[in-house]
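K.L.:
Mind looking at a prediction? Sequence and model below.
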Amino acid sequence: MFRSEINAGLLKSSVDTVSVLVDECKVRLDEDGLSIKAVDPANVGMVELDIPADSFESYEADDELLGLNLVRFQDITGMANKGDSIVMELDEETRKLLIRIDGLRYTLSLIDPDSIHQEPNVPDLDLPGNVILPGREIRRGVKAAGMVSDHMAFGVSDDEGSFYMSAEGDTDDVRVDLRDDDVIELETGGETAQSLFSLDYLDSMAKAIPNDAQVEVEVGDDYPVKMRFEVSGGEAQVTYLLAPRIENE
Amino acid sequence: MFRSEINAGLLKSSVDTVSVLVDECKVRLDEDGLSIKAVDPANVGMVELDIPADSFESYEADDELLGLNLVRFQDITGMANKGDSIVMELDEETRKLLIRIDGLRYTLSLIDPDSIHQEPNVPDLDLPGNVILPGREIRRGVKAAGMVSDHMAFGVSDDEGSFYMSAEGDTDDVRVDLRDDDVIELETGGETAQSLFSLDYLDSMAKAIPNDAQVEVEVGDDYPVKMRFEVSGGEAQVTYLLAPRIENE
Amino acid sequence: MFRSEINAGLLKSSVDTVSVLVDECKVRLDEDGLSIKAVDPANVGMVELDIPADSFESYEADDELLGLNLVRFQDITGMANKGDSIVMELDEETRKLLIRIDGLRYTLSLIDPDSIHQEPNVPDLDLPGNVILPGREIRRGVKAAGMVSDHMAFGVSDDEGSFYMSAEGDTDDVRVDLRDDDVIELETGGETAQSLFSLDYLDSMAKAIPNDAQVEVEVGDDYPVKMRFEVSGGEAQVTYLLAPRIENE
């Protein structure tokens, strides 16, 4: 059983954070709300999305596991204007999702959840570098890095007291340094640590992070990076985890 | 003899309604105004456009029949800003159309009208379903239908007292129901009637219908649909007629 | 030795005027400022750009000749917002250009100036037709001409007291006439003179001329056209010179 009503902008921004990594996913519903865990086919990028029941305009659900085609789902939610409400209801008999947007009724076939890539276990990491910065700064660093390379480093420098994003190309280099004044919070953990990531993934993730979101970034030495942020002013929580490229490969 | 001056926005919006169906057309001029009738090469979609003499800033014409390359004509009118006036004058000697837009003079060769597809006779139909709704609702229904199929139905349901647009895909369905409250006027004629149309044509037509135009839609059972609306607040009248796809084909 | 700070908008608009003709160029630096002279590979279009030292927010330079990859350089300056300052500094040791934009540091490899096409000598011409008009009028004439041909004429008519831009196509013609009232200044030199130019080049040049710049156009009879204008309200000076197509070819 599932019946809910939710603000279109919130739903769209939330689902965008998942769809940059996968085309289909499992959606878990229970009385606490809606949650999605997904990992891309290459097992490099993970996402965890939670929309608590309270963030819906109305919400009722028994435990359900749905298989969702995200490409199709985004087309449908794209019919809504920002202020619209989107009603979603599970038809128990047909196991189809009925989606209503201001006079429009869309009957969406679901995917067999068993046919979808397994949900990942997002590991608990204790990483030395911690920084909180606006989404737009990450986007800027990623864009700059893209001018010279197809991968980039995230790092903390204890000496300089900075969080940095950098990329080295064949002839040119680029680097963004953010110090205490430039960010919302910065902790280097007394270490200098750096990890290298694929720009493909970072670029996709950066596009799904709202410009004005406060993003908690945790970074280590040749470790995955964790990015945590909220969507629509706290209505939904998202965690990205991205595996590093090992520099000596 | 033909010499006229007309608001650029009005001329552009009017000609757009024809150019979505054909690349060239016959233009009839007489003392009442300018009119175009055209049918697409597959004989599926027809358009009738009338710009009365009064809607021009100035207008003088004897009976004339011109052959117009619409693609070229749209390029030219595209040089004008919305508030500009466009002066059109027929050079009797060269049989070319002189178009002037704020210092710019364009000499346009006309096409031999005999080489252009014959003008259609728009049939008089007496269809049971009649609804008046804003252009934007049609555009929305057409866009939604495009997510699941390449054709869609327009219909009236006497039971539900509604006008609807719907499409059935292989796995998903979509339907927009508009009842008395949602539309400007609705008459089902005491019948339930539905016809199926090609989305290609409906999409083109919907794009040329102004968002805020009141569109009179007449619909029957496996009959053509007729859509009548005005451009620029009544300055020009347009009628579309679209042949149905027969469902049992 | 070179170290400077400059408004991002000024630098971008200035460099755009050069990059429409060439992908790489020599940049001359001395105590008077920064200057570029370049000619396209086909020797048809020339550009001269001067940004005086005073137009920089800060400027220090000994005589230097740098080889600049303009495509790459535009990517970098594209990271800056209009109001940003861009700091450029030459690293004497590595002979690389260090570019800083609000926390972003880009290390740009330079090109060996000897490998770049020689700088042109812009000839002194004494042409009969002189007109000063806004950049947007040139852009409009060029756009109109593009509808009918791939080359267009610039000319002055002493009889009509006008500067004109015109193009003749296979079937259609287009012409923009500008008289005393339409332009800022007009001198025909008592002659009727016309030269024909490639629209490819004119289109590129017109796009780099600011809409509101006052452009001094000098035109002769089968002679190059010279267009002089300022960028960012006088902070930089640009001269274009474009060789004519000979009509009888």
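P.N.:
The structure has been received and is ready for your questions.
K.L.:
Adjacent strands (with direction) for the helix or strand where A:Leu29 lies?
P.N.:
A:Leu29 belongs to strand A:24-30 when assigned by DSSP states H and E. Here strand A:24-30 is paired, per DSSP bridges, with strand A:33-39 (antiparallel), strand A:64-69 (antiparallel).
K.L.:
Is stretch A:130-145 positioned near chain C?
P.N.:
Yes - applying CB under 8 Å from any CB of the partner chain, one finds stretch A:130-145 in contact with chain C at A:Arg140, A:Lys143, A:Ala144. Where C-beta positions appear, they are placed from N, C-alpha and C, glycine not excepted.
K.L.:
Out of the helices and strands in chain A, which is least certain?
P.N.:
Lowest by mean pLDDT, DSSP states H and E among the helices and strands of chain A is strand A:185-187, with a mean of 91.
K.L.:
Not counting the helix or strand just after that one itself, show me its contacts.
P.N.:
Downstream of strand A:185-187, the first helix or strand assigned by DSSP H and E is strand A:193-198. Strand A:193-198 is contacted by residues A:44, A:127-129, A:150-156, A:219-225, A:242, A:244-247 when judged by CB atoms under 8 Å, 6 or more residues apart in numbering or on different chains.
K.L.:
cool, stretch A:168-176 as well?
P.N.:
Stretch A:168-176 is contacted from outside by A:137, A:140-141, A:144-145, A:147-149, A:164-167, C:72, C:103-109, using CB under 8 Å, 6+ apart.
K.L.:
And stretch A:140-155, what's buried?
P.N.:
Under the neighbour-count criterion of 16 or more other CB atoms under 10 Å in any protein chain shown, stretch A:140-155 has A:140-149, A:151-155 buried.
K.L.:
ok, which residues in chain A are in contact with chain B?
P.N.:
So chain A meets chain B at A:Arg72, A:Asp75, A:Ile76, A:Met79, A:Gly103, A:Leu104, A:Arg105, A:Tyr106, A:Thr107, A:Leu108, A:Ser109 (CB under 8 Å from any CB).
K.L.:
For the fifth one, which non-adjacent residue is closest in space?
P.N.:
Put plainly, it is A:Gly103. Sequence neighbours aside, B:Val176 is the residue nearest to A:Gly103 in space, at 5.6 Å (criterion: CB to CB, 6 or more residues apart in numbering or on different chains).
K.L.:
do the second one as well
P.N.:
Closest residue to A:Asp75 apart from its sequence neighbours, by CB to CB, 6+ apart: B:Met147 at 5.0 Å.
K.L.:
I figured the one you found hits A:Gln74, correct?
P.N.:
No - using CB atoms under 8 Å, B:Met147 makes no contact with A:Gln74, being 10.5 Å away.
K.L.:
Mind listing the shared neighbours of those two?
P.N.:
Counting by CB under 8 Å, 6+ apart, B:Met147 and A:Gln74 have no shared contacts at all.
K.L.:
Most proximal residue of chain A with respect to chain C?
P.N.:
Closest residue of chain A to chain C, CB to the nearest CB: A:Thr171 (3.8 Å).
K.L.:
Widest-spaced pair of the residues of chain A next to chain B?
P.N.:
The most widely separated members of the residues of chain A next to chain B, counting by CB to CB, are A:Gly103 and A:Ser109 (21.5 Å).
K.L.:
So chain A: which segments form each domain?
P.N.:
Split into domains by automatic domain parsing, chain A comes to A:2-114, A:129-242.
K.L.:
Helices of chain A, start to end?
P.N.:
A:8-19, A:70-77, A:135-145, A:199-208 (DSSP state H).
K.L.:
so which of those helices comes closest to B:Gly190?
P.N.:
Short answer: helix A:70-77, nearest of those by CB to CB, at 34.3 Å.
K.L.:
Extract the C-alpha set from that closest one and format it as PDB.
P.N.:
Only the C-alpha atoms of helix A:70-77 are listed here, as PDB (Å, rounded to 0.1, in the frame of the first residue of the first chain):
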ATOM      1  CA  LEU A  70      14.200   6.700 -13.600                       C
ATOM      2  CA  VAL A  71      14.400   8.000 -17.200                       C
ATOM      3  CA  ARG A  72      10.700   7.500 -17.700                       C
ATOM      4  CA  PHE A  73       9.900   8.800 -14.200                       C
ATOM      5  CA  GLN A  74      11.900  12.000 -14.900                       C
ATOM      6  CA  ASP A  75       9.900  12.500 -18.100                       C
ATOM      7  CA  ILE A  76       6.700  12.300 -16.200                       C
ATOM      8  CA  THR A  77       7.700  14.600 -13.300                       C
END
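K.L.:
Only the buried residues of it, if you could.
P.N.:
Applying 16+ other CB under 10 Å to helix A:70-77 flags A:Leu70, A:Arg72, A:Phe73, A:Asp75, A:Ile76, A:Thr77 as buried.
K.L.:
Check stretch A:215-225 too.
P.N.:
Residues of stretch A:215-225 classed as buried by neighbour count (16+ other CB under 10 Å): A:Val215, A:Glu216, A:Val217, A:Glu218, A:Val219, A:Gly220, A:Tyr223, A:Pro224, A:Val225.
K.L.:
Please report how far A:Glu168 lies from C:Asp172.
P.N.:
Relative to C:Asp172, A:Glu168 is positioned 55 Å away (CB to CB, to the nearest Å).
K.L.:
for A:Asp159, same thing?
P.N.:
Separation of A:Asp159 from C:Asp172 (CB to CB): 70 Å.
K.L.:
In terms of neighbours, single out the busier of A:Glu168 and C:Asp172.
P.N.:
Per other CB atoms under 10 Å in any protein chain shown, whichever of A:Glu168 and C:Asp172 has more neighbours is C:Asp172, with 21 against 17.
K.L.:
What residues does the nearest residue to the more buried one once chain neighbours are set aside make contact with?
P.N.:
Distances taken as CB to CB, 6+ apart place C:Val148 nearest to C:Asp172, at 4.7 Å, with adjacent residues excluded. Contact analysis of C:Val148 by CB under 8 Å, 6+ apart lists C:Ala167, C:Glu168, C:Gly169, C:Asp172, C:Asp173, C:Val174.
K.L.:
Just put the residues you listed in a markdown table and tack on distance to C:Ile99 and pLDDT.
P.N.:
Listed next are the contacts of C:Val148 as a markdown table, based on distance: CB to CB, whole Å; pLDDT from 0 to 100:
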| residue | distance to C:Ile99 | pLDDT |
| --- | --- | --- |
| C:Ala167 | 41 | 98 |
| C:Glu168 | 47 | 97 |
| C:Gly169 | 45 | 96 |
| C:Asp172 | 48 | 97 |
| C:Asp173 | 48 | 97 |
| C:Val174 | 43 | 98 |
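K.L.:
Show me which of those is closest to B:Leu65.
P.N.:
Lowest distance from B:Leu65 to these (CB to CB) belongs to C:Asp172, with 20.0 Å.
K.L.:
If the residue of chain A found nearest chain B is in a bridge, with which residues?
P.N.:
Residue nearest to chain B within chain A (CB to the nearest CB): A:Ser109, separated by 3.9 Å. Residues in a beta bridge with A:Ser109, per DSSP bridges, are A:Lys96.
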